[in-house]
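*Asks:* I would like the atomic coordinates for the input below:
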Amino acid sequence: MKIYQFCSSHLIHETSHTEIKYTVEDAIQNNISLLRANLRNADLSGADLTGADLRYAVMSGANLTNAILSNANMTRVGLSNATLQGANVTRAELKYAYFDDANLKDANLAGSNLREARFRNADLENADLRGTTMVGARLDGANLSRTNLAGVDFTGAYVKNVSFYDERLGTLNARKLGFTKTKLYDDVIELIERFTGNIMYFDGVNLTGANLENCFLPFADMRGAIIKETNFSGAYMWGIDLLNCKIERTNFGNAKLMAANLEGTHFYDCDLTEINIMGANIENTEVRSSQIEELDSD
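*Replies:* Residues are numbered from 1 along each chain as shown. Presented below is the predicted three-dimensional model:
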């Protein structure tokens, strides 16, 4: 292991602000905190940093290829432009961490807490994110191609311009793949379409402006969803639950809502042309200023 110069607030307190050279691994083995350590551009490839205290550390540009960071506390760590390809970052604490433009190809982050972490333009191709918490995370421009997303909680996440090509969802519990109050942009639709055969839970989700044309959404739970200017034209929505939803300026043209729960649903200024609501529950359903032609309810 090479020697790096770093500053830890703990060490500074004991050494009157003098920078001390330690190997990072030796520091960890001696239970020395790396809180606020300066490891910018450090070559830590293959290093064993299991359980390290790296809170607030500056690691931008660092090389952590195949490093072991399992159970590390990396709250608010800065890893912009860092390379973590093949790294083991399982069960790590990564709240508010910065991964902007980082390389996380083939990295294993399963079970980690990534609440409000930033992954702007990060490359997570073939990464393992099973069971991670990404509540409020920013993923704009991230590459999640072939990423394992089983059990990921995206509640409140920002996922614009994300690539989800060929992601592996495994034996997914769709309820745990949470999109509650998440703004879904058009580029998330291909992910939604891959839920075929699972019950989808989007209760409270913000679908404003989303394009879900021809999507396959059977038995989706959208109770309390925000649905404004959404495109559901041609969508297959058998058994969907829209209980008490207030839906505005939305296109349902030629959509299939057979056996749907539309109890208390309000449609305002919507296009309901040629929709099929055969067997649907329409108790207390209200339709105002909407276009209705050839409604099939038999």
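
*Asks:* show me where pLDDT drops low in this structure?
*Replies:* 1-22, 160-204, 293-298 (pLDDT under 70).

*Asks:* Strands of the stretch 151-298 of the chain, residue ranges please.
*Replies:* With strands called from DSSP state E, counting those that start in this stretch, the stretch 151-298 of the chain shows them at 227-228, 246-248, 266-268, 286-288.

*Asks:* contacting residues around the third one?
*Replies:* The one in question is strand 266-268. 245, 246, 247, 248, 249, 250, 285, 286, 287, 288, 289, 290 (C-beta atoms under 8 Å, 6 or more residues apart in numbering). Yep, even glycine has a C-beta here, placed from its N, CA and C like the rest.

*Asks:* From residue 115, how far off is the most centrally placed residue in the chain?
*Replies:* Geometric centre of the chain, nearest residue: residue 154, 3.7 Å, by C-alpha atoms, centre = their mean. Relative to residue 115, residue 154 is positioned 11 Å away (C-beta to C-beta, to the nearest Å).

*Asks:* quick one: common contacting residues for these two?
*Replies:* By C-beta under 8 Å, 6+ apart, residue 154 and residue 115 have these common neighbours: 134, 135, 137.

*Asks:* Check whether the last one really touches residue 119, as I assumed.
*Replies:* Yes: using C-beta atoms under 8 Å, residue 137 makes contact with residue 119 at a distance of 6.6 Å.

*Asks:* Name the SS class of residue 28, please.
*Replies:* Secondary structure assignment for residue 28 (DSSP: H, G, I helix; E, B strand; the rest coil): helix.

*Asks:* residues in contact with it?
*Replies:* Shown in contact with residue 28 (C-beta under 8 Å, 6+ apart): 34, 48, 49, 50, 51, 52.

*Asks:* Likewise for residue 290?
*Replies:* Per C-beta under 8 Å, 6+ apart, neighbours of residue 290: 267, 268, 269, 270, 271, 272.

*Asks:* which of the residues in stretch 23-30 are buried?
*Replies:* Within stretch 23-30, the residues that count as buried by 16 or more other C-beta atoms under 10 Å are 24, 27, 28.

*Asks:* Next, format those residues as JSON lines and append distance to residue 223.
*Replies:* Output for the buried residues of stretch 23-30, formatted as JSON lines (distance: C-beta to C-beta, whole Å):
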{"residue": "24", "distance to residue 223": "50"}
{"residue": "27", "distance to residue 223": "51"}
{"residue": "28", "distance to residue 223": "48"}
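
*Asks:* Show me what residue 93 is bridged to.
*Replies:* With DSSP bridges as the criterion, residue 93 is bridged to residue 73, residue 113.

*Asks:* That one against residue 109, yeah?
*Replies:* No: at 11.5 Å, residue 93 does not count as touching residue 109 under the criterion of C-beta under 8 Å.
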